[in-house]
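Asks: give the three-dimensional model of this entry:
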Amino acid sequence: MKLNRKYLFIPLLLFALQSLAQDSCEIQQRISPDGTKYYSSRARRFFWTEEKQLRGGVVTDGENYYLSLRPKPFPKKPSGSKLKDDLHLVLSNQQEYILEQYDTRYMDEDTVLLMSFMIGKKQLEDFLKYDIEQVAIVMSKNEPPTIYNFKLHKSAVREQLACFIDQRKRKLIN
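Replies: Just a heads-up that it's a prediction; the model follows:
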């Protein structure tokens, strides 16, 4: 009996799509030293070349939402911890938004610079509707911002926000 290849392909495709959908709503919990609970999704790769990369995702304390980004390359200590500029970004509605800088820190024995920016309550609705197209990150006071055009996982932030809001409504996160 000879099986048609398309009949094997369809279940594999459905499984892959289901895995991707579950992956975007996989929530991890961390407790900071001050006792605050933070929830996050797995960081997604938004841009990648040999010269530069950008990964990130959404983090929430259950009330506020933050866009956390991990750019490479990044300034060495202590220069990176002094970065306090807001993030300029463009969504797929072609509107520019400014996210307030929340935190910048080195992690994993200084091999990762994590930059977090607060998504304002008034901005949240648009972030739930539109994908991120581009971000401009200030990496040095003496140079223009580094521009990252999102090439991969453009919808990840929108999907992660929707997941967190759904989980919060279901009282699975506080």
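Asks: and the strands in the protein?
Replies: With DSSP state E as the criterion, the chain has strands at 27-31, 37-41, 44-48, 53-60, 65-72, 87-91, 96-107, 112-119, 132-137, 146-149.
Asks: in CSV, list these along with mean pLDDT and distance to Lys169.
Replies: Any C-beta I mention is one placed from the backbone N, CA and C, and that applies to glycine too. What follows is those, written out as CSV (pLDDT from 0 to 100; distance: least, CB to CB, whole Å):
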stretch, mean pLDDT, distance to Lys169
strand 27-31, 86, 14
strand 37-41, 89, 14
strand 44-48, 93, 23
strand 53-60, 95, 13
strand 65-72, 95, 14
strand 87-91, 97, 23
strand 96-107, 93, 24
strand 112-119, 94, 18
strand 132-137, 96, 23
strand 146-149, 94, 32
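Asks: the residue nearest the centre of the chain pairs with what?
Replies: Residue closest to the average C-alpha location in the chain (CA atoms, centre = their mean): Gly57, at 1.8 Å. Gly57 forms beta bridges with Ser68, as assigned by DSSP bridges.
Asks: next up, the contacts around it.
Replies: 40-44, 67-68, 156-157, 160 (CB atoms under 8 Å, 6 or more residues apart in numbering).
Asks: of all the strands of the chain, which one is nearest Pro78?
Replies: strand 96-107 (9.3 Å; CB to CB).
Asks: quick one: that closest one to strand 112-119, angle?
Replies: Here strand 96-107 runs at 140 degrees with respect to strand 112-119, directions being taken by axes from the mean of the first three to the mean of the last three CA atoms, to 10 degrees.
Asks: list the buried ones in strand 96-107?
Replies: Buried residues in strand 96-107, counted by 16 or more other CB atoms under 10 Å: 97, 99, 101-102, 104, 106.
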